[in-house]
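Colleague: Fold the following.
(chains A and B)
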2 protein chains.
Amino acid sequence: MNKSLEIFDSTLRDGSQGEGISFSVEDKLAVVRLLDELGIPYIEAGNPGSNPKDMELFREVERCKLKHATLVAFGSTRRKGIRAEEDKSLNSLLEAGTSVCCIFGKSWDLHVTEILGTTLEENLNMIRESVAYLKSKGKRVFFDAEHFFDGYRHNPQFAMDALAAAVEGGAETVVLCDTNGGCFPEEIKEVTRLVVERFPEVKVGIHCHNDSGVAVAGSMAAVEAGAVQVQGTYLGFGERCGNANLSTVIANAQIKMGVQCIPEENLSGLTQTARELAEVANLQLPNTTPYVGASAFAHKAGMHADGVLKNSCSFEHVSPDVVGNERRFLMSEQTGRTAVLRRIHKLCPGLDRDSLEIRCIIDRLKQMEMEGYQFEGADASFDLVVRKELHRYSPSFELVSYKILDEQPVDDTGNSATATIKIRVNGQLSISAAEGDGPVHALDQALREALAQFYPRLEKSRLIDYKVRVMDSGDATAAVVRVLITSTDGKRVWTTVGVSADVIRASWLALVDSFEYKLICDREAKD
Amino acid sequence: MNKSLEIFDSTLRDGSQGEGISFSVEDKLAVVRLLDELGIPYIEAGNPGSNPKDMELFREVERCKLKHATLVAFGSTRRKGIRAEEDKSLNSLLEAGTSVCCIFGKSWDLHVTEILGTTLEENLNMIRESVAYLKSKGKRVFFDAEHFFDGYRHNPQFAMDALAAAVEGGAETVVLCDTNGGCFPEEIKEVTRLVVERFPEVKVGIHCHNDSGVAVAGSMAAVEAGAVQVQGTYLGFGERCGNANLSTVIANAQIKMGVQCIPEENLSGLTQTARELAEVANLQLPNTTPYVGASAFAHKAGMHADGVLKNSCSFEHVSPDVVGNERRFLMSEQTGRTAVLRRIHKLCPGLDRDSLEIRCIIDRLKQMEMEGYQFEGADASFDLVVRKELHRYSPSFELVSYKILDEQPVDDTGNSATATIKIRVNGQLSISAAEGDGPVHALDQALREALAQFYPRLEKSRLIDYKVRVMDSGDATAAVVRVLITSTDGKRVWTTVGVSADVIRASWLALVDSFEYKLICDREAKD
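Modeller: Just a heads-up that it's a prediction; the model follows:
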């Protein structure tokens, strides 16, 4: 096994073949920057031959001034029956201007005869000549042997011949692809070992898909057998069930196998990179993602929370800070009082574990959870609940009424919603109206205006994230929704939650908590 | 390797320790029914000692009349320093009334001394006596050796002694738990093999967590080494990064390894079970879930779509119908025209691949995707777009205006929203008003009423799912939202989509598509 690995990220190519993934050119540049910053050595940026947006990316990417990464352009071997020089797709790889090209070719005989419709011999020529052509133009060439493991199973001789053709053409690396994701690690390991032995003159890579749920394990098995390049996508995006998740592969290899993938000092950037990348892809990073997910070090069972507080290695396989993640203790029926107490104690040190107050708080939290509340992501609302139960809270304002009108067609302001709000602050009425491009936007604006004269500091607070989750979605438009709002005042970031069958009211509740929390924190900071 | 496996599902116990998972008693009964229906042999239904709701479940579950499954009650070995008979938690296991109990005990010396705070010898007594006590009461006992692999790495002798104590006490099965999820398949396989050899008189089980992204591979590695029970959760729910995903394990083992897990005729129920279970858990089943996810057989790259159309095994590791899933062709920049054409051809056979019409449709789809539309899950809206571009669509009604008023406080009807709507049908005005417990609910009701006199058949159509997705959520309450609505008329199920910065307008667009689609289908069915 080697002491270091070449990590090859294909988020922008194979990743964008995943359902629901769609990157603009600006998004792609952001992804390149993120991966480069982390120290990923190879970034497959796109397929210039098949997608015009990708060619634009290759032109734009020079702006990025990469520190670590080498960009790779992806394409395929030449078409059957023509010369490599004449192949449009191969030539577009040259146009992309990267120093490395990765081209895929067929290594499963069935694909050659049934899908391409040509002879096995011509396919070998296509591989050899395509690699040689790119090589003659000064490119480094990686050869992706598509369906290598399936091909090997059906016709080992031909699969090996395909690799040999790439090696003869001058490939620097031959990459064994489990394109359909159906192989198990054991088989991947055995076959990879044979390839490594057979072709000592080139590097061997691995490219796994997750259709059997074992893409990470398959990649690691290949590394154990001598593969030195691992292809995948940073968050596992990809065709069908996705590719090997590189954030997991990097952490597994570097922390546990002692194999270097990225600069050691960047390991603690794994989590932040994951979150920013998910943001760019406009996807929720699954909480359960190994190492980098929000739940990866979140303890819910009471016994686990207790154990971790005594000795963190008791329920954590690695320390969260190694990958830049953090430990959390969740609220729930299973949560021991220890974890809840820990959070309550931060607010009011000195409360007894068995006190009436603690019991009231826990009862209230459970009741709210029954209504659809969840405080796992909403620390600020959690704090407010605790304060209310302890009678350490007096509201900064009181709602008298609001009215929201949303209509179509819209008038010439372009705004479809108008909100009128009446609140009382210290006995004084404040009435205001505002418009917005949706009902919640209008309500937010109106509330801000109504509060402004009393609490000018609220001007600095702004909402940076708004999420709507429909619960019991089977009740359709009458379903209960949970709204999460994240706010910032430039220094702090806090999240609040509201629940109602009415999306406007749910948003209102979260908005109110957001403003109240900001005012309380400011007041306490001043004290 | 054995020819069959005992699948042990812990969705209701370990699964409910996952972040965001919370089951009511009714939910739990639904989960038990689903898993039993599929043919899962062991269902760990809860921890009656630590959670009163779980005890209620054990009382209620008799209503279920199980066909295949044996229920299991979960708990731990007795507390240190008392007799097993005196242990409240052990006795609550008896009270639960199941024929099988699963108890966990420590097999890592560090946990005994640091977390439990007792001696290694007392821990062995706790294991032996607890198992023996349950056994003496006529129970079958599975022993979960917590942290077995970590324990074995630190003190192999003690880890083996812990298993020996359980075997001496009369355990039927010893289950090796990778509680922290930090072990790789290779290590799991080696250690499992040693245990299988050492304790031929009992069955050996495996319980993996996914903190290293290899829980499925680890479980399979243990099976290869002779384990006969696999513990996990059907959709991978569980503490931190979750447990081994049993839907994947079952498919891998039964389809690819020839190891029987559930009755053969139920394999095609894997997907439906997954979707219903996710529904009960009120979670979105990740599209990329192997075998059962919506994307598991979804082809986006043009070349993949083309290949699958020629020979499905070219880009599918198993046939989707084996697991009850289905093949889909997605729309996107990468999609070859073949797949789009295929969908369009269903609507209007005979259109030429290179025709102006096809180009117009694709341009329109791309433009809508830029606005935030996605048709991957919204076939009905896709159909309507195609019809509109081909001028084969005339709207059944036309919106003149709607006005929605949402207010707090609510009047004594309890409904916070009122909608007024004015539409025109065949030149005739129809005006109606309705209330609802949220703005979208009110709008839905008003539109139905306005349409009822013209299209009485719409009465049969109802909404069964409503989803809101905030895009660019960084724009907070002014962000663009995408609304998906799924409807049924008892025969068909269809999904429509709407996009706007105004959640009400986005819902309106999806609602309109839903009604229009229903009317078109009815009209064509009649023709």
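Colleague: Residue of the stretch 151-300 of chain A closest to chain B, please.
Modeller: Residue nearest to chain B within the stretch 151-300 of chain A (CB to the nearest CB): residue A:182, separated by 2.7 Å. In this view, the C-beta of every residue, glycine as well, is placed from N, C-alpha and C.
Colleague: Would you list the phi and psi of residue A:71?
Modeller: For residue A:71, the backbone dihedrals (degrees, to the nearest 10) come out as phi -80, psi 150.
Colleague: For the residue of the stretch 151-300 of chain A closest to chain B, give me its contacts.
Modeller: Contacts for residue A:182 (CB atoms under 8 Å, 6 or more residues apart in numbering or on different chains) come out as A:150, A:211, A:212, B:256, B:317, B:318.
Colleague: cool, residue A:431 as well?
Modeller: Here residue A:431 is in contact with A:420, A:421, A:422, A:450 (CB under 8 Å, 6+ apart).
Colleague: one more time with 7 Å, if that's ok
Modeller: Taking CB atoms under 7 Å, 6 or more residues apart in numbering or on different chains, we find residue A:431 in contact with A:422, A:450.
Colleague: Would it be right to say that it lies in a strand?
Modeller: Yes: using DSSP: H, G, I helix; E, B strand; the rest coil, the assignment for residue A:431 is a strand.
Colleague: Now the buried members of the contacts of residue A:182.
Modeller: Using 16 or more other CB atoms under 10 Å in any protein chain shown as the burial test, the contacts of residue A:182 include A:150, A:211, A:212, B:317, B:318 as buried.
Colleague: Remind me which helix or strand the spatially most central residue of chain A belongs to.
Modeller: Compute the mean C-alpha point of chain A, and by CA atoms, centre = their mean the closest residue is residue A:278, 3.2 Å away. In the assignment (DSSP states H and E), residue A:278 maps to helix A:270-281.
Colleague: List the buried residues of that helix.
Modeller: Within helix A:270-281, the residues scored as buried using 16+ other CB under 10 Å are A:270, A:271, A:272, A:273, A:274, A:275, A:276, A:277, A:278, A:279, A:280, A:281.
Colleague: What of stretch A:95-110?
Modeller: A:96, A:98, A:100-110.
Colleague: For those residues, please prepare CSV with the additional fields distance to chain B.
Modeller: Putting the buried residues of stretch A:95-110 into CSV (distance: CB to the nearest CB, whole Å) gives the following:
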residue, distance to chain B
A:96, 17
A:98, 20
A:100, 21
A:101, 18
A:102, 15
A:103, 13
A:104, 9
A:105, 12
A:106, 10
A:107, 13
A:108, 8
A:109, 12
A:110, 7
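Colleague: ranges for the helices of the stretch 201-350 of chain A?
Modeller: A:215-224, A:246-251, A:270-281, A:302-310, A:337-347 (DSSP state H, counting those that start in this stretch).
Colleague: rank these by pLDDT, which is bottom?
Modeller: Lowest mean pLDDT within those: helix A:337-347, at a mean of 71.
Colleague: Show residues contacting that one.
Modeller: The contact list for helix A:337-347 (CB under 7 Å, 6+ apart) reads A:299, A:302, A:305-306, A:309, A:329, A:331, A:351, A:353, A:358, A:361-362, A:382-383, A:386.
Colleague: same thing but 6 Å
Modeller: Helix A:337-347 is contacted from outside by A:305, A:306, A:329, A:353, A:386, using CB atoms under 6 Å, 6 or more residues apart in numbering or on different chains.
Colleague: re earlier: between the buried ones among the contacts of residue A:182, which is nearest residue A:20?
Modeller: Closest to residue A:20 out of these is residue A:211 (17.3 Å), distances taken as CB to CB.
Colleague: Touching, the closest one and residue B:315? I think so.
Modeller: No: Residue A:211 is not in contact with residue B:315 according to CB atoms under 6 Å; the separation is 9.9 Å.
Colleague: Over to residue A:392. Which of the three states is it?
Modeller: Three-state call for residue A:392 (three-state DSSP): coil.
Colleague: neighbours around it, how many?
Modeller: Per other CB atoms under 10 Å in any protein chain shown, the neighbour tally for residue A:392 reads 11.
Colleague: who touches residue A:269 in this structure?
Modeller: Applying CB under 6 Å, 6+ apart, the residues near residue A:269 are A:38, A:324.
Colleague: Please disregard the earlier target; I meant residue A:353.
Modeller: Residues counted as contacts of residue A:353 (CB under 6 Å, 6+ apart) are residue A:341.
Colleague: Next, count neighbours for the residue lying closest to residue A:270 once chain neighbours are set aside.
Modeller: Nearest in space to residue A:270, with sequence neighbours left out and distances taken as CB to CB, 6 or more residues apart in numbering or on different chains, is residue A:323 at 4.4 Å. Neighbour count for residue A:323, taken as other CB under 10 Å: 25.
Colleague: which among the contacts of residue A:182 gets closest to residue B:413?
Modeller: residue A:211 (52.1 Å).
Colleague: Helix, strand, or coil at the residue nearest to that closest one when sequence neighbours are not counted?
Modeller: Nearest residue to residue A:211, sequence neighbours excluded (CB to CB, 6+ apart): residue A:181, at 3.0 Å. Classification of residue A:181 using three-state DSSP returns coil.
Colleague: what about residue A:181, distance to residue A:167?
Modeller: 26 Å (CB to CB, to the nearest Å).
Colleague: So if I had to pick from the two, which one is more boxed in?
Modeller: For residue A:181 and residue A:167, the more surrounded residue by other CB under 10 Å is residue A:181, and the numbers stand at 28 against 20.
Colleague: Now do the closest residue to chain B within the stretch 301-450 of chain A against residue A:507, distance only.
Modeller: Per CB to the nearest CB, residue A:317 is where the stretch 301-450 of chain A lies closest to chain B, at 2.8 Å. Distance, residue A:317 to residue A:507, using CB to CB: 39 Å.
Colleague: Residue A:129 now?
Modeller: Taking CB to CB, one finds residue A:129 at 61 Å from residue A:507.
Colleague: swap in residue A:358?
Modeller: 31 Å.
Colleague: Those two - which one has more neighbours?
Modeller: More crowded of residue A:358 and residue A:507, by other CB under 10 Å: residue A:507, with 26 against 20.
Colleague: Now for that one: which residues touch it?
Modeller: With CB under 6 Å, 6+ apart, residue A:507 has these contacts: A:440, A:483.
Colleague: In which helix or strand does it reside?
Modeller: Using DSSP H and E, the element containing residue A:507 is helix A:503-526.
Colleague: now residue A:387
Modeller: Per DSSP H and E, residue A:387 falls inside helix A:379-389.
Colleague: That helix relative to helix A:503-526, how many degrees between them?
Modeller: 80 degrees (axes from the mean of the first three to the mean of the last three CA atoms, to 10 degrees).
Colleague: Tell me which helix or strand comes right after helix A:379-389.
Modeller: strand A:398-408.
Colleague: And the strands in the stretch 1-150 of chain A?
Modeller: In the stretch 1-150 of chain A, the strands defined using DSSP state E, counting those that start in this stretch lie at A:6-9, A:42-46, A:70-76, A:100-106, A:140-146.
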